[in-house]
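Asks: missing the sequence, but the structure's below:
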């Protein structure tokens, strides 16, 4: 295996035509140059120099390696500069995956702050619900995943899914009952008990949220009749406004949804979901990833839905 320092010596010998000339060019002693060349010949497994008097010429193998040395060293220099740029936040990228309801408020605030502070770092965004987002992070398809899990299921399979990742908690988001404006419970005001909605038609969310809704209702003694399912939050609210059923929606989503024709009420028992940013421990040491985690944390601290 060839070392860069040995290739630099070979290139200097090729340019100067002697070991002493290479020593002057490199600012070291002739014995040091001779020692480096012997080490390179040992690695190559064949002579690279023909030593004779005051001049030194390259063997055929030495000439071949010298030709490649310039390109190899130039490539290493470019790599060193690129890595230094990434480390200094003058370049680099962060691929982030986020669940949709974080899109309207939390994510844009963090992205705008990141771009303002480090415009040369490219941050890309894709949407995926927590199970898929975690899979993408584990498969190397992103560097950072914005995810959530329900607080009442923190010790279940969701906890196992987050094992092995660095977890940065961001905020706790609540679920709210969303009712048609003319619904009797909406007119009554105050919190709504989940059990009071046992006979209602439901508009549910993504498969992950739907599963949790069924489990939650089961603990309250009923199975919800889910007539519609969509992870499009405006569509879900629109269905409620049209009198097609009731829904439980997260505060993060309701911040950016037009709420005409619906009433939003606190839900009892209270249902909370923990929002966090996940990355791999090694990736957390990458400056751009670490900086993006910090921007998400600051955005979460300013988010009005955080509790």
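Replies: Perfect, thanks for sending it. Nothing here was measured: the structure is a model prediction, and the numbers come from that model.

Asks: All the helices of this protein, residue numbers only.
Replies: Along the chain, the segments classed as helices by DSSP state H run 4-16, 19-26, 30-44, 60-87, 106-117, 130-138, 157-161, 184-188, 207-219, 233-241, 251-254, 287-302.

Asks: so how far is residue 215 from residue 160?
Replies: Relative to residue 215, residue 160 is positioned 16 Å away (criterion: Cβ to Cβ, to the nearest Å). C-beta: built from backbone N, CA, C; applies to glycine.

Asks: who has more neighbours, those two?
Replies: Higher neighbour count among residue 160 and residue 215: residue 215, with 13 against 9, using other Cβ atoms under 10 Å.

Asks: Let me see the confidence value for that one.
Replies: Note on residue 215: pLDDT of 93.

Asks: Start at 17, not 1
Replies: Fine by me, first position is 17 from now on; the one you just mentioned is residue 231.

Asks: that older thread, format the helices of the chain as a markdown table; extra columns: distance to residue 295.
Replies: Supplementary listing: the helices of the chain in a markdown table, determined by distance: least, Cβ to Cβ, whole Å:
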| stretch | distance to residue 295 |
| --- | --- |
| helix 20-32 | 32 |
| helix 35-42 | 42 |
| helix 46-60 | 38 |
| helix 76-103 | 16 |
| helix 122-133 | 14 |
| helix 146-154 | 7 |
| helix 173-177 | 14 |
| helix 200-204 | 41 |
| helix 223-235 | 20 |
| helix 249-257 | 26 |
| helix 267-270 | 21 |
| helix 303-318 | 6 |
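
Asks: Please identify which of these is closest to residue 242.
Replies: helix 223-235 (6.7 Å; Cβ to Cβ).

Asks: packing partners for that closest one?
Replies: Secondary-structure packing of helix 223-235 (3 or more Cβ pairs under 8 Å, 6 or more residues apart in numbering; DSSP states H and E): strand 217-220, strand 241-245.

Asks: could you redo those as a markdown table and give each row mean pLDDT?
Replies: As requested, the helices and strands packed on helix 223-235 are exported to a markdown table (pLDDT from 0 to 100):
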| stretch | mean pLDDT |
| --- | --- |
| strand 217-220 | 96 |
| strand 241-245 | 95 |
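
Asks: Pick the most deeply packed of those.
Replies: Mean neighbour count (mean count of other Cβ atoms under 10 Å) peaks for strand 217-220 among those, with a mean of 20.

Asks: Can you tell me what sits against it?
Replies: Identification of contacts with strand 217-220 by Cβ atoms under 8 Å, 6 or more residues apart in numbering yields 226, 229, 240-246, 252, 255-256, 260-263.

Asks: of all those residues, which comes closest to residue 133?
Replies: residue 252 (35.4 Å).

Asks: Quick check, that closest one in contact with residue 221.
Replies: Yes - here residue 252 reaches residue 221: they are 6.9 Å apart, a contact under Cβ atoms under 8 Å.

Asks: Return every residue with contacts to both of those two.
Replies: By Cβ under 8 Å, 6+ apart, the residues touching both residue 252 and residue 221 are 246, 265.

Asks: what residues are up against residue 286?
Replies: With Cβ under 8 Å, 6+ apart, residue 286 has these contacts: residue 190.

Asks: Return the distance of it relative to residue 300.
Replies: Separation of residue 286 from residue 300 (Cβ to Cβ) stands at 32 Å.

Asks: Just read off the phi/psi values of residue 275.
Replies: phi -100, psi 20 (degrees, to the nearest 10).

Asks: show me the contacts for it.
Replies: By Cβ under 8 Å, 6+ apart, the residues touching residue 275 are residue 253.

Asks: run the last query once more with 10 Å
Replies: 194, 197, 253, 256-257 (Cβ atoms under 10 Å, 6 or more residues apart in numbering).

Asks: and the gap between it and residue 252?
Replies: Applying Cβ to Cβ to residue 275 and residue 252 gives a distance of 12 Å.

Asks: Overlap of the contact sets of these two?
Replies: Common contacts of residue 275 and residue 252 (Cβ under 10 Å, 6+ apart): residue 194.

Asks: chain center to stretch 272-290: distance?
Replies: Distance of stretch 272-290 from its chain centroid, counting by Cα atoms, centre = their mean, to the nearest Å, is 28 Å.

Asks: In the sheet, which residues pair with the nearest residue to residue 178 once chain neighbours are set aside? Tell me.
Replies: Spatial nearest neighbour of residue 178, chain neighbours left out: residue 294 (6.4 Å); criterion: Cβ to Cβ, 6 or more residues apart in numbering. On the basis of DSSP bridges, residue 294 is bridged to residue 161, residue 183.

Asks: Please tell me I have it right and residue 294 contacts residue 114.
Replies: No - using Cβ atoms under 10 Å, residue 294 makes no contact with residue 114, being 11.1 Å away.
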